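Asker: Quick one, structure for this:
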Amino acid sequence: MSMFNIFDTAASGMSAQGMRLNLVASNMANADAVSSSIEQTYRARHPVFQTMLNQANPDAAATGVRLAGVVESQAPLIQEYAPEHPLADEAGYIFRPNVNSVEEMANMLSASRSYQGNAEVANAAKQLLIATLRMGQ
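Answerer: Prediction:
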């Protein structure tokens, strides 16, 4: 692997974790949303990542990661009996998203640490390149 490929790999990891953080933020922002029907209720969204392989040499190590898609959680929605709520359906129920705040906070910490790790890899590679260039002086 070329030294310059390290920057591409770290950048792809940082980009992927940035997208993951955006999805966590969206889930947390909609955690308290209320709806009168199952179809209109927000569902937690999660990223699906895929490794990027070297096109020139498929047997080589992966060269990064990319977002393959976003999936909605299949966990059941929260149905709550609240006949006095203005959004209650004719049976008196409201629906809340299937967002688990504790799980989302763990995802946020994990994504943040992964982003930080990729940034440190890029910084270390930069420092090594600078040290290599100074050897020639």
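
Asker: hmm, who's touching stretch 41-59?
Answerer: With Cβ atoms under 8 Å, 6 or more residues apart in numbering as the contact definition, stretch 41-59 has outside contacts at 12, 16, 19-20, 23, 26-27, 30, 33, 35, 60-73, 75, 77, 95-100, 104. All C-beta atoms are positioned from the backbone trio N, CA, C, and that covers glycine.

Asker: What's the separation between the most centrally placed residue in the chain and Arg134?
Answerer: Central residue of the chain (Cα atoms, centre = their mean): Arg20, 1.3 Å from the mean position. Going from Arg20 to Arg134 by Cβ to Cβ, to the nearest Å gives 37 Å.

Asker: can you check Phe49 too?
Answerer: 37 Å.

Asker: more neighbours, these two?
Answerer: A side-by-side neighbour count of Phe49 and Arg134, using other Cβ atoms under 10 Å, places Phe49 first with 16 against 8.

Asker: what about that one, which helix or strand?
Answerer: strand 45-52 (DSSP states H and E).

Asker: re the thing from before, among the contacts of stretch 41-59, name the buried ones.
Answerer: 12, 16, 19-20, 23, 26-27, 30, 35, 63-65, 67, 73, 77, 95-99, 104 (16 or more other Cβ atoms under 10 Å).
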